[in-house]
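Asker: Sequence plus predicted model, see below.
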Amino acid sequence: AQSVTQLGSHVSVSEGALVLLRCNYSSSVPPYLFWYVQYPNQGLQLLLKYTSAATLVKGINGFEAEFKKSETSFHLTKPSAHMSDAAEYFCAVSGLKGAQKLVFGQGTRLTINP
Amino acid sequence: DTEVTQTPKHLVMGMTNKKSLKCEQHMGHRAMYWYKQKAKKPPELMFVYSYEKLSINESVPSRFSPECPNSSLLNLHLHALQPEDSALYLCASSQGLQGNTEAFFGQGTRLTVV
């Protein structure tokens, strides 16, 4: 079985500051990990995914995430926050059954202060 | 074309009404999904279609009836809904069911049951 825990339901940073959103996973099989972003009243957009090819994954909009097996973590970072990054971010994990068993974390709301 | 299109964007219906939500993708994806998302919560899987056949029903009440007329279309028929069914309904698709395939989401239909 797979699960993810997102630490912090709400993160607030200043514009231009580092963004760090935390995600820890639990998986009985090698995991596939995803970060999705959801803007208000929108669907989910894939930011990036880890599929074992490389531990440091670069995504869209300047985001990246590093898979650390020893820490069972897949934290999302962005060096410099922009006002347009304000949104809800979901970490998700799947195993061998792929998207039909995609398990989401509870989400982290990112607020950007001017 | 990397879009999943959902119609309508908003829907208000009475508890005795019958309505349908529609979803369309032209990416050649062979798996399609319905999710339900309540406010401030992650999406919850409702149904999975694989090669136009229903493969997963997550114990969804029968007042929700999915239909997959062809590989590009997915419908969700609604009948006798309750106010607690008000939510954002998201459609998604994926190329297949392998672990490393990501789900592409539509913008959702905001459903309000009165």
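Answerer: Done, it's in.
Asker: Residue numbers of chain B in contact with chain A?
Answerer: Within reach of chain A by CB under 8 Å from any CB of the partner chain, chain B has these residues: B:4, B:6, B:31, B:33, B:40-43, B:45, B:48, B:50, B:55-56, B:88, B:90, B:92, B:94, B:96-108, B:110. To be clear about C-beta, it is placed using only N, CA and C from the backbone, and glycine gets the same treatment.
Asker: repeat that with 7 Å
Answerer: B:31, B:33, B:42-43, B:48, B:55-56, B:90, B:94, B:96-103, B:105-108, B:110 (CB under 7 Å from any CB of the partner chain).
Asker: Emit the PyMOL select command for whichever of these are buried.
Answerer: Per 16 or more other CB atoms under 10 Å in any protein chain shown, the buried members of those correspond to this PyMOL selection:
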select buried, chain B and resi 31+33+42+43+48+56+90+94+97+99+100+101+102+103+105+106+107+108+110
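Asker: residue boundaries of the strands in chain B?
Answerer: Ranges of strands in chain B, per DSSP state E, are B:4-7, B:10-13, B:18-25, B:31-37, B:44-50, B:53-57, B:64-70, B:73-79, B:87-94, B:104-105, B:109-113.
Asker: Can you tell me the centre-most residue of chain A?
Answerer: Computing the C-alpha centroid of chain A and ranking residues by CA atoms, centre = their mean puts residue A:35 first, at 3.4 Å.
Asker: ok, now chain B?
Answerer: Going by CA atoms, centre = their mean for chain B, the residue that ends up nearest the centre is residue B:34, at 2.9 Å.
Asker: That one touches residue B:76, doesn't it?
Answerer: Yes: contact criterion CB atoms under 7 Å: residue B:34 and residue B:76 qualify, at 5.5 Å.
Asker: Quick check: neighbours shared by those two?
Answerer: Listed as contacting both residue B:34 and residue B:76 by CB atoms under 7 Å, 6 or more residues apart in numbering or on different chains are B:66, B:89.
Asker: on contacts alone, who are the packing partners of the worst-scoring helix or strand of chain B on mean pLDDT?
Answerer: Every helix and strand of chain B was ranked by mean pLDDT, DSSP states H and E. The lowest is strand B:53-57, at a mean of 90. If contacts are counted by 3 or more CB pairs under 7 Å, 6 or more residues apart in numbering or on different chains; DSSP states H and E, strand B:53-57 sits against strand B:44-50.
Asker: Check which helices and strands the strand it packs on sits against.
Answerer: strand B:31-37, strand B:53-57, strand B:64-70.
Asker: those strands in chain A, which residues are they?
Answerer: Taking DSSP E to define them, one finds strands in chain A at A:2-7, A:10-14, A:19-27, A:32-38, A:44-50, A:56-58, A:64-68, A:73-78, A:87-94, A:103-104, A:108-113.
Asker: Please convert the ones you listed to a markdown table, extending it with mean pLDDT and distance to residue B:26.
Answerer: Shown next, in a markdown table, are the strands of chain A (pLDDT from 0 to 100; distance: least, CB to CB, whole Å):
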| stretch | mean pLDDT | distance to residue B:26 |
| --- | --- | --- |
| strand A:2-7 | 92 | 30 |
| strand A:10-14 | 98 | 36 |
| strand A:19-27 | 95 | 32 |
| strand A:32-38 | 95 | 21 |
| strand A:44-50 | 95 | 18 |
| strand A:56-58 | 95 | 27 |
| strand A:64-68 | 95 | 29 |
| strand A:73-78 | 97 | 30 |
| strand A:87-94 | 94 | 24 |
| strand A:103-104 | 92 | 26 |
| strand A:108-113 | 98 | 32 |
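Asker: Cool, thanks, talk later.
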